[in-house]
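Asks: Sequence first, then the predicted structure, then my questions.
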Amino acid sequence: MYIKKPSVPILHAYLACPLTAAQLDRVHTEFEFGSFARFAPTHHLHIHNEPRYHGLCHADIRRDLDEQGITDNVLILDEKVETEGAAWIVERLVSQDDVDNGQAVSIRDVWEILTRIDQVSIVEVNYHIANMSIQEDLGNCGLKWPYDPRAHPQTGIHSSGIDMQKFQHQQIAYIVAEPGDVEEAPSSPSPGGSSRFMRLGGGQPPAKLHRLKPELATRHGLLPDWRPAFTADAQYPDGSIGLSQPWNPDHDFPEYERLKESL
């Protein structure tokens, strides 16, 4: 049985003021909870300390990063870590087009949103896939338009609204199982409610459902669940199938290893 592990992007964070070891550990701990770091990380976190950034406005930090060719969204950590349990997701500098079309007031500003630390990873995932945008979320936080963060700063803390404790239990592993790794059953009568797996367009559910053998699933921190199989890549042994199975967040996973380069 093989668990297919996707590559995990790194979210880079920069200190805008000194933070204590305890404050940094809080950032890591809350971020790791929200990124499912123990079993299915959505991001790794790399915290940098550039003393020249201490005391700079966030737009100046963004501008300096841009000049270095670092253009992805970043996280800026300041006193809000301690007072609000939050950090700034920083996107890009306000453009002249933003000003001309009435979205923003000044190109001296930067698009950013103060977000609960445990929510940062899922929010950033949504931004990456264009499921949401900072502009939409700022509007949902009640920010006045056009965007003028100095005259009308964000007053609330952004959250996706997702209960991360519950959402842990909805995370799925994609695996390749060899013939001896799985159990098979007809979908009717269904061992697991095959109506969940109706084909798009109202077609029939799959003829068979599969799940990992319970002892094998337990060993790997997964929950055996009846699901349709899909074709495995040719690189795997003959008779192998692809299968999705839920992670079990309550499993005793090894301790997550933080990036060695990070504070």
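Replies: That came through fine. Residues are numbered from 1 along each chain as shown.

Asks: tell me which residues in the longest helix along the chain are buried?
Replies: Of all segments of type helix in the chain, defined using DSSP state H, the longest is helix 21-34. Within helix 21-34, the residues scored as buried using 16 or more other CB atoms under 10 Å are 24, 26, 27, 28, 30, 31, 32, 33, 34. Any C-beta I mention is one placed from the backbone N, CA and C, and that applies to glycine too.

Asks: now what about stretch 140-153, what contacts it?
Replies: Residues from elsewhere that reach stretch 140-153 (CB atoms under 8 Å, 6 or more residues apart in numbering): 94, 98-99, 102-106, 109, 111-113, 135, 138-139, 154-156, 158.

Asks: Domain boundaries for this protein, per the record?
Replies: For the chain, automatic domain parsing gives the domain ranges 2-162, 172-246.

Asks: Can you get me the start-to-end distance on the longest one?
Replies: By that I understand domain 2-162. Chord length of domain 2-162, first to last residue, is 30 Å (CA to CA, to the nearest Å).

Asks: could you pull out the helices for the stretch 51-200 of the chain?
Replies: Applying DSSP state H, counting those that start in this stretch to the stretch 51-200 of the chain gives helices spanning 58-67, 80-84, 96-100, 120-128, 134-140, 164-167.

Asks: List the contacts of the second one.
Replies: This means helix 80-84. Helix 80-84 is contacted from outside by 19, 23, 26, 27, 86, 87, 88, 114, 117, 157, using CB under 8 Å, 6+ apart.

Asks: which of the residues you listed count as buried?
Replies: Among the contacts of helix 80-84, those buried by neighbour count (16+ other CB under 10 Å) are 19, 26, 27, 86, 87, 88, 114, 117, 157.

Asks: In this structure residue 168 contacts residue 248, no?
Replies: No. Residue 168 lies out of contact with residue 248 (CB atoms under 8 Å); the separation is 9.4 Å.

Asks: residues in contact with residue 21?
Replies: For residue 21, the contact set (CB under 8 Å, 6+ apart) is empty.

Asks: quick one: it and residue 263, what's the gap?
Replies: Residue 21 is 9 Å from residue 263, where distance means CB to CB, to the nearest Å.

Asks: same thing with residue 153?
Replies: In this view, residue 153 and residue 263 are 27 Å apart by CB to CB.

Asks: still on that earlier bit, just the buried residues from the contacts of stretch 140-153, in ChimeraX please.
Replies: Per 16+ other CB under 10 Å, the buried members of the contacts of stretch 140-153 correspond to this ChimeraX selection:
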select :94,98,99,104,105,109,111,112,113,135,138,154,158
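
Asks: any idea which of the contacts of helix 80-84 is closest to residue 70?
Replies: In terms of CB to CB, no member of the contacts of helix 80-84 lies closer to residue 70 than residue 88, at 15.5 Å.

Asks: Nearest residue to that closest one in space, please, no chain neighbours.
Replies: With CB to CB, 6 or more residues apart in numbering as the criterion, residue 88 has its nearest non-adjacent residue at 4.3 Å, and that residue is residue 76.

Asks: Go ahead and confirm the one you found touches residue 86.
Replies: No. Assessed by CB under 8 Å, residue 76 is found out of contact with residue 86, at 10.8 Å.
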